[in-house]
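**Student:** the following block contains a protein sequence and its predicted model.
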Amino acid sequence: MKIMAVDYGDARTGLAVCDRTEFLASPVGQIEEKSMAKVAEKIIYATREFDVQMLVVGLPRNMDGTEGARAQKTRKLVSILEPLLPIPVKLWDERSTTVTAAGILTENGSFGKKRKAKLDAVSAAVILESFLAWRRNHPDE
C-alpha cells in the first residue's frame with residue numbers, strides 16, 4: 001500500500017511517500033504555506049497526485065509524552081483532512097524526528113539553505129519509516 005507521511009509545521013510542511021511494498025520511504029517535497037486551510041488543500045492534492053491509500057500525520061509530543069500547542073494544531077489539521085479524504089488518516093508519534101532528520105542531512109553534507117529546504121521532507125520520511133517499521137511488526141493491526 002502506498003502511504004504518505006506529513007510533518008506539519010507553522011511555515012513548512014514536509015511530505016514523504018513509500019512504495020507499494022512499504023519498504024522504501026522517500027521525501028517528496030515541502031508545502032511552504034502558513035494557512036492551515038491551504039496546507040490541508042495541498043495535502044489533499046498530494047494524496048491524489050501520489051495515489052496513496054493512507055495518510056500518516058506526525059503528532060508532535062513532548063519528550064514526557066504530553067501534548068502541547070503544536071500537537072493541538074496538528075489534531076486540528078487532521079480534523080480538517082479526515083472528512084475530506086476517502087482514505088484513513090492516522091496520527092503517529094513524531095518525537096525526535098527532526099533531530100534524526102538533521103543528523104541524516106549532516107551526514108550527507110547538507111548545510112545552510114540547502115538543508116532548510118530539505119529538513120521537513122526528510123523529517124516526514126523519518127516519520128514514515130517509523131510507521132512502516134511498526135506495521136511490519138504488527139501485521140494484524
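**Tutor:** Now that the structure is in, tell me what you want to look at. Numbers count the residues shown, from 1 in each chain.

**Student:** count the neighbours of the residue nearest to residue 4 when sequence neighbours are not counted for me.
**Tutor:** Nearest residue to residue 4 in three dimensions, chain neighbours excluded: residue 52, at 4.3 Å (CB to CB, 6 or more residues apart in numbering). The C-beta positions use only the backbone N, C-alpha and C, and glycine is treated the same way. Burial of residue 52 is recorded as 19 neighbouring residues (other CB atoms under 10 Å).

**Student:** how much space between residue 52 and residue 73?
**Tutor:** Plainly put, residue 52 is 22 Å away from residue 73 if you go by CB to CB, to the nearest Å.

**Student:** please go through this structure and pick out the longest helix.
**Tutor:** helix 112-137 (DSSP state H).

**Student:** now that one: buried residues?
**Tutor:** 115, 118-132, 135 (16 or more other CB atoms under 10 Å).

**Student:** residue 34: how many residues sit nearby?
**Tutor:** Number of residues near residue 34 (other CB under 10 Å) recorded here: 11.

**Student:** count the neighbours of the residue nearest to it when sequence neighbours are not counted for me.
**Tutor:** Closest residue to residue 34 apart from its sequence neighbours, by CB to CB, 6+ apart: residue 11 at 5.8 Å. One way to gauge burial is a neighbour count; for residue 11, by other CB under 10 Å, it gives 10.
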